[in-house]
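>>> Fold the following for me, if possible:
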Amino acid sequence: MSLSAVHGTLSSLKSFQGDIGTGMDIVTDVAMDLVEAQDEEVNPGVMEMEAMILECAKLDREINFFIDAVQQVTSEVTAQQPETMFNLSDKVKEKFSERVARLSDAELHSHQKVVAFKDNIKNSLKQANQESAENMEELDDDIAVTQSQVNFSCPLTQVEMVNPVKNKKCNHHYEEEAILGLIKTKKSQKKKCRCPVVGCGNADVREADLVPDQVLRRKIQSQKRQNKT
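Numbering: from 1, shown residues only. Predicted structure coming up:
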């Protein structure tokens, strides 16, 4: 197998990671629906979904480890003789196994989408416990993130957000694609990314600080449905 074929396989793996992330978002949405429908403490179904989210996080981490191992090994042999290609598989397996063995539960629980799952379930459960059975069908319209508290417009794009993310440091929200683009641009300029919200003192916004806010996303979707009717 040529190195170009190896790199093509890695590209496919990275694309698969995107599908894993989408699946984790769907699981979070379903778990939130369960919480809102039950109006009680977290039920076994939600706990099973948390276990599913953790399994997805583990798979995502392992893909990262594998990609890193392949890239490290191939970078070491590109300048050597072609026959060294036969030893690549064993070297990759060795490095991959070493890294997987060090993967801790704490690292899985710190995965961005696992953190988002827990935050969103916590917020949904809090809201569900505040609602009576009579107005449960209107729960999405009463989520505890009101329009007066959070502007539905992204401070970067100035349009209504579709996939809002919350900054854990300053609690401000942005459209995911817009803030990630800004972080990437600033990084290429070797500069820190300042929070775009006027008056915010957070001068170093990092991707690791961003958590998908599905509670807010559902609030925005609910508002759209109200406007249409």
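
>>> low-scoring stretches of this structure, by residue?
1-3, 38-43, 77-86, 127-151, 229 (pLDDT under 70).

>>> can you pull the contacts of P196?
155-156, 174, 179, 182 (Cβ atoms under 8 Å, 6 or more residues apart in numbering). Placement of C-beta: from N, CA and C, glycine included.

>>> residue closest to the middle of this protein?
Geometric centre of the chain, nearest residue: K113, 3.8 Å, by Cα atoms, centre = their mean.

>>> Excluding chain neighbours, what is closest to it?
Nearest non-adjacent residue to K113, counting by Cβ to Cβ, 6 or more residues apart in numbering: M24, 4.5 Å away.

>>> Quick check: the one you found touching V115?
No. Using Cβ atoms under 8 Å, M24 is not in contact with V115, being 11.3 Å away.

>>> Distance check, E107 against I53.
14 Å (Cβ to Cβ, to the nearest Å).

>>> Strands of this structure, residue ranges please.
Counting by DSSP state E, the chain has strands at residues 164-167, 173-175, 210-212.

>>> Neighbouring strands - and their directions - for the last one?
Applying DSSP bridges to the sheet, strand 210-212 is found paired with strand 164-167 (antiparallel).

>>> M24 and V115: which has the busier surroundings?
Remark: of M24 and V115, M24 carries more neighbours, 26 against 15, as counted by other Cβ atoms under 10 Å.

>>> Contacts only, for the more buried one.
Neighbour list for M24: 53, 56-57, 113, 117 [criterion: Cβ under 8 Å, 6+ apart].

>>> sorry, back to before: relative to F66, how far out is the residue nearest to K113?
With Cβ to Cβ as the criterion, M24 and F66 are 19 Å apart.

>>> Return the residues in contact with I20.
If you count contacts by Cβ under 8 Å, 6+ apart, then I20 has 56, 59-60, 63 around it.

>>> If we use 6 Å, what do you get?
Applying Cβ atoms under 6 Å, 6 or more residues apart in numbering to I20 gives the contacts 56, 60.
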